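# structure, please.
(chains A and B)
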Amino acid sequence: MNLAATIDHHGDPSTATGIPNKKLLFWAFLASDCMFFGTLISTHLVYRLHPPPGNPVPTQIFNIELTSFSTFILLMSSLMMALAVNAIQRGNVRSMRSSLLVTITFGLIFLGCQVFEFNDFVFEKHVTITNSIFGSTFFTLTGTHGTHVAVGVLWLTLMYIRSFKPASATGGGWVGRAVVHLLFFAVAAVLAMYATLGFVHAALASGVNGTMVAAYLSRYGPAAAGAFLAVWVLRLLGAEHGPVDFSARNADDVESMGLYWHFVDIVWIVIFTAVYLLEYVFPAGPVR
Amino acid sequence: MADALVKPEFIGGGYPPGAKPFLFFRRPTARTGLTAWLTTVDHKKIGLMYGMFALSFFLLGGIEALVIRTQLIVPNNHLISAHFYSELFTMHGTTMIFLAVMPLNSAFFNLLVPLQIGARDVAFPRLNAFSLWVFVAGAVILNVGWFIKAGAPAAGWFGYAPLTSRTFTPDISADLWTVGLQVLGLSSIVGSLNFITTIINLRAPGMTMMRLPVFTWMALITSFLLILALPSIAIALIEVIFDRHFGTNFFEVSNGGQPILWQHLFWIFGHPEVYILILPAMGYISEILPTFSGKPLFGYPIIVFSGALIGFIGFGVWSHHMFTTGMGTVATSAFALATMAIAVPTGVKIFNWIGTLWGGQLRLRTPMMFALGFLWLFMMGGFSGIMHSAAPADSQQHNSYFVVAHFHYVLIGGATFGLFAAMHYWFPKFFGRLVDEFWGKVSFWTIFVGFNATFFPMHFLGLNGMPRRTWTYDSNMGWNSANFIATMGAYLLGVGVLIYVLTLIWSYCKGRIAGPDPWDARTLEWSIPSPPPVYNFAAIPTVHARDAWWHEKHHPEETAREHTAHIHEESEHGGIHMPDQSWYPLISAGSLLVAGLFFAVSNYPAAIGAVVVMIAAIYLWSLEGPGGYYVRP
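Next up is the predicted model:
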């Protein structure tokens, strides 16, 4: 049965404007969120224009290659999100799921890069949220953005799990399985991030060689194995069990989530430009 | 193919009747009793609860004000301690703005907007219940300080940095204030998103934007102001919270922080907030004046566009609260000019209201008297506002009782008189009984005289140099008699409010039965029975004119024909679809309350635990789906 031909995804005849309610609510929410980020970015820039003596020099602590990489990954996740929305509008649940999984993975890679960056700043460069005004504004701003990404990843995961709800659900059995599914997602994400970051730190410390790999495996081996095991369980949990209660009718839900995800990406483009790149454009410090 | 075209919201969820899914809580079905109120998704019940909570806080804030005035009745008074005085003026301002006037306006948004646009509920009924319970959570967090050793917040209603820092407020009263306001902001943003969607998307056929009742227009503009202004204070509060809890330096001068930033961020919210408080009142007045003048509103499009213009310019005038901070001549002149400019659309509205009265068949019932009181007193507050826009004059009046006089003329004479008029006017619609006219008029005159006796002398006190927020004053300053008159006026005002509230209570029990349209009004809410049935409209109206109900009254045959056709069509599709009640809004808001309180006392693991419960409740809420049942009137 091809639902795609029968549904107009850009209109809802039951509303006065033809825009679906959920989508309209989300557009309004994003307008509000613009002001949240606008205030945070302004705070950061105001304090960059009036730095107190002893403030860290950002270009000396930024790892611009890493941030450029994570920016690229986040932008690519937007592409995958768009593909997921497109898939569910055509009623193709399986294709939507794989696009969502890649979006989730890219989001997690971005978060991993941020964890690495924060670690690096705090423990190597000694810039903390408390010891300078730059640290206060930088960590609050990028941390708020990271929280938005994390909320987005959680939402994507919950939507992914929701797409397995059986068409004939009547009891709590499905909810139980969904909770297990979510737990394994969390376990897989945390272990994989922990093992990967461990590898990166070890490689940065002593280069990739035999002793380093052996030392890595003895310390991070269980975590890496656990991550693989969790991903394998996720594959099992993601197996088809007959018809599901998820179809082109849920396209508005996925699209609202997509609006949020794209918005968070756009905000990152602004942050990357204003917080990171501008420091290289005016390396001598703020122009007064 | 057929099932793809039927949206789940309109076919009562994805399950057959009788096989409702069990997700920890069965969907409540009680129509009366406590469960019905706690789990309701009906905009009218939610509106009434908003109103009841807000009125209680209005009386509490009034008692706080009376204690303040009693302290100031004679010079060198030591009735209460200086710290308790600080707590009182802080909580009086915070309570009146965030817990009385804003939720009272929310109450009317809830009660009236769906009825005025010909809808059966708001776009997201459970989200609406969530806004209500989150508001209650924020109110509890703000007021819990009265009952603990740390005391209530005492840094003033705009909590200037660094007064709220750990250095100057080591106890948790500042945490309760910041967390409480943050929670209230969430409630307002969620509620506003809901109303924006409702007003844009749920209008009845024929209800174009330029046929919306002016109150609904003002609700829409206010909602946009809320979602765009609140983020600024939310981030400012987060910065204070981080300073206090995690040692950041946003307002920590010793590490390069600049307290002036708080003033900017606060007033970028704070000035639009003024219009958030007054625009709904302009909406009530624009409904009441035409009804009691027997005329359509004069210059409807101008009034609507003036409201929108006030909303726009309102974002560009915040620094007129900061003329004395030394911003430089360019910034000061720019903000002074913008402030003068915003008086133009406001003045335009006043002239349009006068145009509405002009040549009308005036009926001086109590709501009309409060509306005329609004017109006069709001104009007085506007005049002193214009005086403030002149920066040199403002630097003389800054932080004096002149400012206190100005904003009480705007917020009591304006916003509160508008609300008094609205409560009196729409009371018969929601309780089915008329408010007693004689005692209504007695309350009007008592409030009017009491109000002016309280606040008019304050202009002179301010010009004579009495600073606001002063605990006591010396007897040779020349402020004695004006303060005495102001306090006596405040008592009279208190008596007036008491008469007003008692009259409402008496009328609720014994008032004359009102019928659907006691005022011969013009908008759609008067076309349905009083109190309205749960589904509001037996037949969704088709709107042909700006004053939709006025038009229906003059075209009875056409209206009857349309209603019959509509009821027939809807009956074919199973009847009127109503949303199911739900426990989850209450549970998620309750978890937020627990999280906020634990966060304020720095118990982070417990706070995170409560947030996890909240997220789980929200997920179950989304799995539960809108549900629904059918009624046939």
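
# residue A:135 - that's part of a helix, no?
Yes: counting by DSSP: H, G, I helix; E, B strand; the rest coil, residue A:135 is located in a helix.

# residues contacting it?
A:56, A:121, A:127, A:128, A:129, B:248 (C-beta atoms under 8 Å, 6 or more residues apart in numbering or on different chains). Just so you know, the C-beta spots here come from the backbone N, C-alpha and C atoms, and that holds for glycine as well.

# so which of these is the closest to residue B:381?
Residue B:381 lies nearest to residue B:248 out of the contacts of residue A:135, by C-beta to C-beta, at 38.7 Å.

# residue ranges with poor pLDDT in the chain?
Just going to use chain A. A:1-11, A:169-172, A:284-288 (pLDDT under 70).

# hm, I was asking about chain B
B:1-25.

# who does the strand or helix carrying residue B:461 touch, helix- and strand-wise?
Take DSSP states H and E as the rule and residue B:461 turns out to sit in helix B:437-463. Judged by 3 or more C-beta pairs under 8 Å, 6 or more residues apart in numbering or on different chains; DSSP states H and E, helix B:437-463 is in contact with helix B:366-389, helix B:391-397, helix B:401-408, helix B:417-431, helix B:480-510.

# as TSV, those helices with distance to chain A would be great.
Written out in TSV, the entries for the helices and strands packed on helix B:437-463 read as follows (distance: least, C-beta to the nearest C-beta, whole Å):
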stretch	distance to chain A
helix B:366-389	25
helix B:391-397	23
helix B:401-408	25
helix B:417-431	24
helix B:480-510	35
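
# who touches residue 111 in this structure?
With no chain named, the answer covers chain A. Residue A:111 neighbours (C-beta under 8 Å, 6+ apart): A:146, A:149, A:150, A:153, A:193.

# chain B was what I was after
If you count contacts by C-beta under 8 Å, 6+ apart, then residue B:111 has B:43, B:44, B:47, B:48, B:51, B:426, B:429, B:430 around it.

# got the residues of the stretch 251-400 of chain B near chain A?
B:255, B:256, B:257, B:258, B:261, B:265, B:268 (C-beta under 8 Å from any C-beta of the partner chain).

# just the ones of the residues you listed in helices?
The members of those that map onto helices under DSSP state H are B:261, B:265, B:268.

# tell me how many other residues surround the first one.
Residue B:261 is surrounded by 19 other residues when neighbours are defined as other C-beta atoms under 10 Å in any protein chain shown.

# do the same with the last one
The number of residues packed near residue B:268 is 25, by other C-beta under 10 Å.

# quick one: the residue of chain A found nearest chain B from residue B:256, how far?
Closest contact between chain A and chain B, by C-beta to the nearest C-beta, is at residue A:52 (2.7 Å). From residue A:52 over to residue B:256 the distance is 3 Å, taken as C-beta to C-beta, to the nearest Å.

# anything in contact with each of the two?
With C-beta under 8 Å, 6+ apart as the test, residue A:52 and residue B:256 both reach residue A:133.

# what helix or strand does residue 143 sit in?
Picked chain A for this. Judged by DSSP H and E, residue A:143 forms part of helix A:133-162.

# my question was about chain B, not that one.
helix B:125-143.

# give me the distance from that helix to the chain's centre.
Centroid displacement of helix B:125-143 relative to its chain, using C-alpha atoms, centre = their mean, to the nearest Å, is 13 Å.

# packing partners of that helix?
So helix B:125-143, by 3+ C-beta pairs under 8 Å, 6+ apart, packs with helix B:43-71, helix B:82-94, helix B:102-116, helix B:173-201, helix B:584-600.

# of all those, which lies closest to residue A:245?
Of all the helices and strands packed on helix B:125-143, helix B:584-600 comes closest under C-beta to C-beta, at 19.4 Å.

# tabulate the CA atom coordinates of the next helix or strand after that closest one in CSV.
Going down the chain from helix B:584-600, the next helix or strand is helix B:604-624, by DSSP H and E. The C-alpha trace of helix B:604-624 is given here as CSV (Å, rounded to 0.1, in the frame of the first residue of the first chain):
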residue,chain,number,x,y,z
TYR,B,604,22.0,18.1,42.9
PRO,B,605,21.6,14.2,42.8
ALA,B,606,18.0,14.5,44.1
ALA,B,607,17.3,17.3,41.6
ILE,B,608,18.6,15.2,38.7
GLY,B,609,16.6,12.3,39.9
ALA,B,610,13.4,14.5,39.9
VAL,B,611,14.3,15.7,36.4
VAL,B,612,14.6,12.1,35.2
VAL,B,613,11.1,11.4,36.6
MET,B,614,9.9,14.5,34.7
ILE,B,615,11.4,13.3,31.4
ALA,B,616,9.9,9.8,31.9
ALA,B,617,6.5,11.4,32.6
ILE,B,618,6.8,13.5,29.5
TYR,B,619,7.7,10.5,27.4
LEU,B,620,4.8,8.5,28.8
TRP,B,621,2.6,11.5,28.1
SER,B,622,3.6,11.4,24.4
LEU,B,623,3.1,7.7,24.2
GLU,B,624,-0.4,8.0,25.8
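
# helix B:604-624 packs against which elements?
helix A:133-162, helix B:584-600.

# quick one: buried residues of the first one?
I take that to be helix A:133-162. Buried residues in helix A:133-162, counted by 16 or more other C-beta atoms under 10 Å in any protein chain shown: A:133-142, A:144-146, A:148-149, A:152-162.

# and the next element down the chain from it?
That would be, after helix A:133-162 and using DSSP H and E, helix A:173-206.

# in the stretch 401-550 of chain B, what residue is nearest chain A?
Closest point on the stretch 401-550 of chain B to chain A, by C-beta to the nearest C-beta, is residue B:543, at 10.9 Å.

# next one: phi and psi at that residue?
Backbone torsions for residue B:543, taken as degrees, to the nearest 10, come to phi -100, psi 130.

# what of residue B:467?
phi -80, psi 150.

# hmm, back to that, in the helix holding residue B:461, what's buried?
B:439-440, B:442-444, B:446-448, B:450-462.

# now stretch B:554-563
Buried residues in stretch B:554-563 (16+ other C-beta under 10 Å): B:559, B:562, B:563.

# out of these, who's nearest chain A?
residue B:562 (17.3 Å).

# excluding its backbone neighbours, what's nearest the residue nearest the centre of chain A?
Geometric centre of chain A, nearest residue: residue A:107, 3.1 Å, by C-alpha atoms, centre = their mean. Sequence neighbours aside, residue A:153 is the residue nearest to residue A:107 in space, at 4.3 Å (criterion: C-beta to C-beta, 6 or more residues apart in numbering or on different chains).

# what about the closest residue to chain A within chain B, how many residues nearby?
Proximity of chain B to chain A (C-beta to the nearest C-beta) peaks at residue B:256, 2.7 Å away. Residues lying near residue B:256 (other C-beta under 10 Å) number 19.

# which parts of the helix holding residue B:143 are buried?
Buried, per 16+ other C-beta under 10 Å, within helix B:125-143: B:125-139, B:141-143.

# now stretch B:207-215
B:207, B:211, B:212, B:213, B:214, B:215.

# check stretch A:208-219 too.
Buried-residue list, stretch A:208-219, by 16+ other C-beta under 10 Å: residue A:216.

# now swap in stretch A:59-77 and tell me
Neighbour-count burial for stretch A:59-77 [16+ other C-beta under 10 Å]: A:61, A:62, A:63, A:67, A:70, A:71, A:73, A:74, A:75, A:76, A:77.

# mind saving the C-alpha coords of that stretch as CSV?
Taking Å, rounded to 0.1, in the frame of the first residue of the first chain, the C-alpha atoms of stretch A:59-77 are listed here in CSV:
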residue,chain,number,x,y,z
THR,A,59,43.5,31.2,19.9
GLN,A,60,46.1,29.6,22.2
ILE,A,61,43.7,27.1,23.6
PHE,A,62,41.3,26.3,20.7
ASN,A,63,41.9,23.1,18.8
ILE,A,64,40.5,24.5,15.6
GLU,A,65,41.1,21.4,13.5
LEU,A,66,39.0,19.3,15.9
THR,A,67,36.2,21.8,16.1
SER,A,68,36.1,22.2,12.3
PHE,A,69,35.8,18.4,12.0
SER,A,70,33.0,18.2,14.6
THR,A,71,31.3,21.1,12.8
PHE,A,72,31.4,19.1,9.6
ILE,A,73,30.0,16.0,11.3
LEU,A,74,27.1,18.0,12.8
LEU,A,75,26.3,19.5,9.4
MET,A,76,26.3,16.0,7.8
SER,A,77,23.9,14.9,10.5
